[in-house]
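> Quick one: sequence plus predicted model below, questions after.
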Amino acid sequence: MADASILTVREGAVTVITLNRPQSLNSFTAEMHGRLLPALEAAAADAQVRAVVITGAGRGFCAGQDLNDAGMAAGAGGAPDVGAVIERLYRPLAMRVRTMPVPVIAAVNGVAAGAGANFALCCDFVLAARSAGFIQAFSKIGLVPDCGGTWLLPRLVGRARALGLALSGDKLPAEEAERIGLIWRCVDDAALMTEAMALAQRLATMPSKALAETRRAIDSAMAMEFSDALTLEADAQRELGRLHDFGEGVAAFLAKRAPVFKDR
């Protein structure tokens with residue numbers, strides 16, 4: 001449906017999800033969450049999907065929460081319960097993206113602000129158009145970073161830059177975001193979707209189960225002692241070593257042929 005707030009298209013083994021409220025810079029509403037999470041769940045459940053690309057329609061990726069949405073209605077005492085909105089909508093969305101069984105690419109085509117910025121940063125890869133920018137807009141309305149922002153920012157760019165971005169609320173241009181390690185890559189505007197799809201198609205040929213386990217291991221290891229991380233690696237290798245893709249990868253390497261990975 002062209003007027004749906006979320007558009008989903010399959011291109012081979014790649015699912016492309018487009019946030020589709022361009023008139024509002026694709027800002028989140030409860031209705032939009034009600035379509036986005038099921039779209040991700042469907043991609044996760046489809047064994048034929050081996051990579052996901054998320055982008056925005058129009059001139060922006062996502063401007064964060066739509067503050068005019070009915071989902072922000074006042075709670076007890078007349079003030080909106082923003083925490084309830086986080087728990088009900090943003091927590092499941094962030095957790096789903098961070099635990100997808102396949103790689104997820106954010107193709108940031110314009111402004112990514114507030115929860116929209118941190119939703120992008122939840123993805124495994126962030127490719128941004130050169131004209132794009134990232135804004136931790138929360139301080140401008142008296143809130144803290146959400147959608148995982150307090151966890152993601154210091155791990156991506158360190159405490160000093162995380163605080164600078166979060167407290168100032170200044171726009172960070174895509175080129176600078178790449179330079180400081182906040183995102184994977186900045187590309188020319190016209191090349192954004194071509195680059196994103198090329199990366200997705202490449203990832204779709206790779207061992208999905210091992211990629212997802214790599215993400216889990218790296219995220220888990222950040223809170224571990226070195227010896228515990230070594231144990232985590234051994235446990236992951238023990239599991240992966242019993243699966244099809246390890247045997248196929250070794251056989252393909254020895255035979256000097258392209259592997260055909262199947263695990264997910």
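Now that the structure is in, tell me what you want to look at.

> now the residue nearest the centre of the chain, nearest residue through space, not along the chain?
Centroid-nearest residue in the chain, with CA atoms, centre = their mean: Cys123, separated by 1.9 Å. Once flanking residues are discounted, Cys123 sits nearest to Ala106: 4.0 Å by CB to CB, 6 or more residues apart in numbering. Where you see a C-beta, it was placed from the backbone N, CA and C, and this is true even at glycine.

> cool, Arg35 as well?
Ile6 (3.9 Å).

> Just confirm the one you found contacts Arg21, I think it does.
No - the pair Ile6 / Arg21 is not scored as a contact, 9.1 Å apart, by CB atoms under 8 Å.

> overlap in contacts of the two?
Shared contacts of Ile6 and Arg21 (CB atoms under 8 Å, 6 or more residues apart in numbering): Met32.

> can I get the CA coordinates of the helix or strand bottoming out on mean pLDDT in the chain in CSV?
Across the helices and strands of the chain, the lowest-confidence element by mean pLDDT, DSSP states H and E is helix 82-85, at a mean of 92. Presented in CSV, the C-alpha positions along helix 82-85 are these (Å, rounded to 0.1, in the frame of the first residue of the first chain):
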residue,chain,number,x,y,z
VAL,A,82,7.0,8.9,28.3
GLY,A,83,8.5,5.9,30.1
ALA,A,84,5.4,3.9,29.3
VAL,A,85,5.9,4.8,25.6
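
> roughly how far is that helix from the heart of the chain?
A distance of 21 Å separates the centroid of the chain from that of helix 82-85, by CA atoms, centre = their mean, to the nearest Å.

> Buried ones in that helix, by neighbour count?
82, 85 (16 or more other CB atoms under 10 Å).

> swap in stretch 59-71?
For stretch 59-71, by 16+ other CB under 10 Å, it's 60-66, 69, 71.

> same thing with stretch 200-217?
Going by 16+ other CB under 10 Å, stretch 200-217 has these buried residues: 200-201, 203-204, 206-213, 215, 217.

> In strands, which of these appear?
Taking DSSP state E as the definition of strands, those contribute nothing to them.

> Closest to Leu243 out of those residues?
Set against Leu243, the nearest of the buried residues of stretch 200-217 by CB to CB is Lys209 (6.4 Å).

> Test my guess that the closest one contacts Lys262.
No - using CB under 8 Å, Lys209 is not in contact with Lys262; the gap is 9.1 Å.

> Show me where the stretch 51-200 of the chain has its strands.
Taking DSSP state E, counting those that start in this stretch to define them, one finds strands in the stretch 51-200 of the chain at 51-56, 60-62, 104-108, 111-113, 125-129, 133-135, 171-173, 185-187.

> Figure out which of these is closest to Gly241.
strand 51-56 (23.7 Å).

> tilt between the closest one and strand 125-129?
40 degrees (axes from the mean of the first three to the mean of the last three CA atoms, to 10 degrees).

> got the end-to-end distance for stretch 54-67?
22 Å (CA to CA, to the nearest Å).

> Outline the domain layout of this structure.
Listed by automatic domain parsing, the domain ranges of the chain are 6-204, 208-255.

> Give me whichever of those domains is most buried.
Each of the domains of the chain was scored by mean neighbour count; the highest is domain 6-204, a mean of 19, by mean count of other CB atoms under 10 Å.

> mind checking how far that one is from the chain centre?
The answer for domain 6-204 is 6 Å, by CA atoms, centre = their mean.

> Straight-line length of it, end to end?
Using CA to CA, the two ends of domain 6-204 sit 22 Å apart.

> Restricted to helices, list the buried residues of stretch 200-217.
In helices, judged by DSSP state H, the following of these are found: 200-201, 203-204, 208-213, 215, 217.
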